[in-house]
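Peer 1: Give me the fold of what follows.
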Amino acid sequence: MAPSKETLGWMYRTMVTSRRYENAIEKIYLEGKTPVFNMARGPIPGEMHLSNGQEPVAVGVCAHLKPEDIVTATHRPHHQAIAKGVDLDRMTAEIFGKATGLSGGRGGHMHLFDADVNFACSGIIAQGMGPAVGGALSRKMQGKPGVAVAFIGESAANQGAFHEAMNLAAVWKLPMICVIEDNAWGISVAKRTSTSVEHNHVRAASYGIPGHYVSGNDPWKIYEVAGEAIARARAGEGPTLIEAETYRLAGHFMGDTEGYRPKGEKQALFERDPIPAMRKRLEAEGTFTAAELDGLEAEAAAAVDAAIRFARESADPKPEDALTAVFA
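Peer 2: Okay, here's the model as predicted:
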C-alpha cells in the first residue's frame, strides 16, 4: 500500500526535523571542546553518535506505529526517537544533562526513555533485542494491542542476543519486528569483513520467519515492507526480520576522522542524500508543491529551535538528585 499524501508529508517533515536536529547537536556538541578536544567539556558531555543519512529507515517503519507500540533503539537513536514521537524538548534536555530531561539528565543521548510513547534505547550492541521480545510477549500474554520493533545495526546481528531473541520471538510467534539498519560499517569494520553472509535478512530462514532486504535507503520501499511486516505481527502471524540498506553520512561518533573509508565513498554517499532525493521526487510526482515543502521544513526548523532553547534554559540537576532513582 502506497503512503498517503498526509503520511508522506509527515515522513518528509520528520526526516528534515531529524537532520536539522543532528546538525544543531553537532555544532553545540563542539562548544567548549576546542581547540583541545575534551569529551567532558561543553554543554553536551560524553560521546555523540549522529544519525545523518539513516532517516528513511526510521520514518518508513514508524509511520505504521501507534503510541502503544514499543520501539527499542541503538546508540544512534535520535532519528528513531523523533519518528516514534518522543517529546523533543525533554529529549534535548536529557542530551544536555538537564533536570527537565526524560530521565532528569541521568541517561544522556544513548539512554533515552519515554514511557509515554514506549521508546527506549541503549548504548550496548543488540541490547534492545531482549526488551523488544519481552514487550511483545507482554502484549500477547495480556491480550493487549501493540507490536514491538527492535532497531539494530548490521553488526549487532552477529551478537548472541540477536539470535537468542529472534529464536524466542519465532518460537512464541510474537508480534515483533527486527529492523537491521545496514550502513555497511560497524564503527571502523566493514560488514564484508565481519559477517559471513552478504545480507543479514537471509538469517530469517534459521527461525522459520520472513526476511526482507530493502535496498537504496528509499523511504517508500521501507514503508511498504515495514507495513506488511507490522500488519502480519498485528494479525498474530509472528515476527519478521527486515534489513534496510542505509547510509551513515557522519562518522561513527563525533571526532571520528573516518580514515577507514575508501577514497571517494563519503562524497558518493552525499550525492545520494535521501532528504533532497525525497523532496525532488515529491515535487516531480506533483504530491507537494515547493511552497508546501518549504512550509514543512519551516515547521521542522521551528520545532528544533524550540527544543534547543528549552534545553539551554532548563536548570541543571541538583547534586543531591544523584542519590535518587537508583537501586539500593
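Peer 1: so Gly216 makes contact with Glu245?
Peer 2: Yes - assessed by Cβ atoms under 8 Å, Gly216 is found in contact with Glu245 at 6.2 Å. C-beta here means a position set from N, CA and C on the backbone, and glycine is covered the same way.
Peer 1: and these two? which has more neighbours close in?
Peer 2: In this view Gly216 and Glu245 are compared by other Cβ atoms under 10 Å, and Glu245 has more residues nearby, 21 against 16.
Peer 1: Run through the strands of the stretch 201-328 of the chain in chain order.
Peer 2: Counting by DSSP state E, counting those that start in this stretch, the stretch 201-328 of the chain has strands at residues 211-214, 240-245.
Peer 1: Next, the contact list for Ile177, please.
Peer 2: Ile177 makes contact with 61, 147-150, 226, 229-230, 233, 239-242 under the criterion Cβ atoms under 8 Å, 6 or more residues apart in numbering.
Peer 1: same thing but 10 Å
Peer 2: By Cβ atoms under 10 Å, 6 or more residues apart in numbering, the contact list for Ile177 reads 61, 64-65, 69, 71, 132, 136, 147-151, 169, 209, 226, 229-230, 232-233, 239-242.
Peer 1: Tell me which entries of the residues you listed lie within helices.
Peer 2: Here DSSP state H is the test, and the contacts of Ile177 give Val61, Ala132, Ala136, Ala169, Ala226, Ala229, Ile230, Arg232, Ala233 as lying in helices.
Peer 1: would you turn these into JSON lines with neighbour count?
Peer 2: Formatted as JSON lines, these follow (neighbours: other Cβ atoms under 10 Å):
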{"residue": "Val61", "neighbour count": "28"}
{"residue": "Ala132", "neighbour count": "27"}
{"residue": "Ala136", "neighbour count": "29"}
{"residue": "Ala169", "neighbour count": "28"}
{"residue": "Ala226", "neighbour count": "26"}
{"residue": "Ala229", "neighbour count": "27"}
{"residue": "Ile230", "neighbour count": "22"}
{"residue": "Arg232", "neighbour count": "18"}
{"residue": "Ala233", "neighbour count": "25"}
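Peer 1: Relative to Lys263, which of the residues you listed is nearest.
Peer 2: Comparing those against Lys263 with Cβ to Cβ places Val61 closest, at 33.1 Å.
Peer 1: how close does the spatially closest residue to that closest one that is not a sequence neighbour sit to Gly104?
Peer 2: Nearest residue to Val61 in three dimensions, chain neighbours excluded: Ala226, at 4.4 Å (Cβ to Cβ, 6 or more residues apart in numbering). Distance, Ala226 to Gly104, using Cβ to Cβ, to the nearest Å: 33 Å.
Peer 1: now Cys178, which residues is it bridged with?
Peer 2: Here Cys178 sits in beta bridges with Ala150, Leu241, as judged by DSSP bridges.
Peer 1: ok, it - contacts?
Peer 2: Contacts of Cys178 (Cβ under 10 Å, 6+ apart): 72, 126, 128-129, 132-133, 148-152, 156-157, 162, 165-166, 169, 200-201, 203-204, 207, 209, 211, 229, 239-243.
Peer 1: Pull out the buried members of these.
Peer 2: Buried members of the contacts of Cys178, counted by 16 or more other Cβ atoms under 10 Å: 72, 126, 128-129, 132-133, 148-152, 156-157, 162, 165-166, 169, 200-201, 203-204, 207, 209, 211, 229, 239-243.
Peer 1: What does Phe37 show for phi and psi?
Peer 2: With angles defined as degrees, to the nearest 10, Phe37 shows backbone torsions of phi -70, psi 130.
Peer 1: How about Asn167?
Peer 2: The phi/psi pair for Asn167 (degrees, to the nearest 10) is phi -60, psi -50.
Peer 1: Against Ile152, how distant is it?
Peer 2: Following Cβ to Cβ, the distance that separates Asn167 from Ile152 is 15 Å.
Peer 1: All good on my end, thank you.
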